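Visitor: Predicted model follows, preceded by the sequence.
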Amino acid sequence: MDLIDRVNGHFLENMATQQEAMELLSAGVAVAAERMVACLMNEGKILACGNGGSAADAQHFAAEMVGRFEKERPGLAAISLATDSSILTAIGNDYDFDMVFSKQVRALGHTNDLLLAISTSGNSANVVEAVYAAHERGMGVIALSGKDGGKLAEILSSDDVHLIVPSMRTCRIQEVHILLLHALSDAVDYMLLGGD
């Protein structure tokens, strides 16, 4: 296979996955955005977590909320639970790495808050534990996953929102996740600020 054909294959597969995701997930993204705005308008905050690329996505989303997406506005309350190396290493060392997010959710989360749980497989043990902790705290959950939804699909409540990317490939799932996070950021701004 020619290298250019291989690169083109990534573009083509991405476009097909994005198209299918649009058809399957747009309504769920709208519901998730409405939940986020309700949370923020009720003095709540969004706690985001994930591992690896999903940790970067959690951090990226928090930056879009606290800083801005595309329009100037006051900062919105969002925290990435994947960024404090002292907390992560202390919990990982003193307890267990599976608890690095759940301990933070129990410490920081309240009833009006939301957890944004990101796991491409839906099986990340520390993300699953964070969902359990969020439910204990009376928090709603918005989960982004892929494949068959994994363990997250089994433990989310009917009040939670689960956006499962229709792909088995981690790279394609991650590509859709960043689009979903941008769509959520835009929808939040649209509901709060109006515009075209």
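Guide: Sure, I can see it.
Visitor: Only C-alpha atoms from now on, for both contacts and neighbour counts.
Guide: Will do.
Visitor: Please name every helix or strand in contact with the lengthiest helix in the chain.
Guide: Criterion DSSP state H: the longest helix present in the chain is helix 3-41. Judged by 3 or more C-alpha pairs under 8 Å, 6 or more residues apart in numbering; DSSP states H and E, helix 3-41 is in contact with strand 46-49, strand 161-165, helix 170-193.
Visitor: Now mean pLDDT, distance to S124 and mean neighbour count too, for the ones you listed, in a markdown table please.
Guide: Listed next are those as a markdown table, based on pLDDT from 0 to 100; distance: least, C-alpha to C-alpha, whole Å; neighbours: other C-alpha atoms under 10 Å:
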| stretch | mean pLDDT | distance to S124 | mean neighbour count |
| --- | --- | --- | --- |
| strand 46-49 | 98 | 11 | 28 |
| strand 161-165 | 98 | 14 | 25 |
| helix 170-193 | 98 | 13 | 18 |
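Visitor: Tabulate these in TSV, adding columns for distance to R68.
Guide: Listed next are these as TSV, based on distance: least, C-alpha to C-alpha, whole Å:
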stretch	distance to R68
strand 46-49	15
strand 161-165	23
helix 170-193	9
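Visitor: With L108 as the reference, name the closest of these.
Guide: Nearest of the helices and strands packed on helix 3-41 to L108, taken as C-alpha to C-alpha: strand 46-49 at 8.5 Å.
Visitor: how far out from the middle of the chain is the closest one?
Guide: Computed by C-alpha atoms, centre = their mean, to the nearest Å, the separation of strand 46-49 from the middle of its chain amounts to 7 Å.
Visitor: pull the CA atoms of it into CSV?
Guide: The C-alpha coordinates for strand 46-49 follow below in CSV (Å, rounded to 0.1, in the frame of the first residue of the first chain):
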residue,chain,number,x,y,z
ILE,A,46,-18.4,20.0,36.0
LEU,A,47,-15.8,17.6,37.1
ALA,A,48,-14.0,15.9,34.2
CYS,A,49,-11.9,12.7,34.2
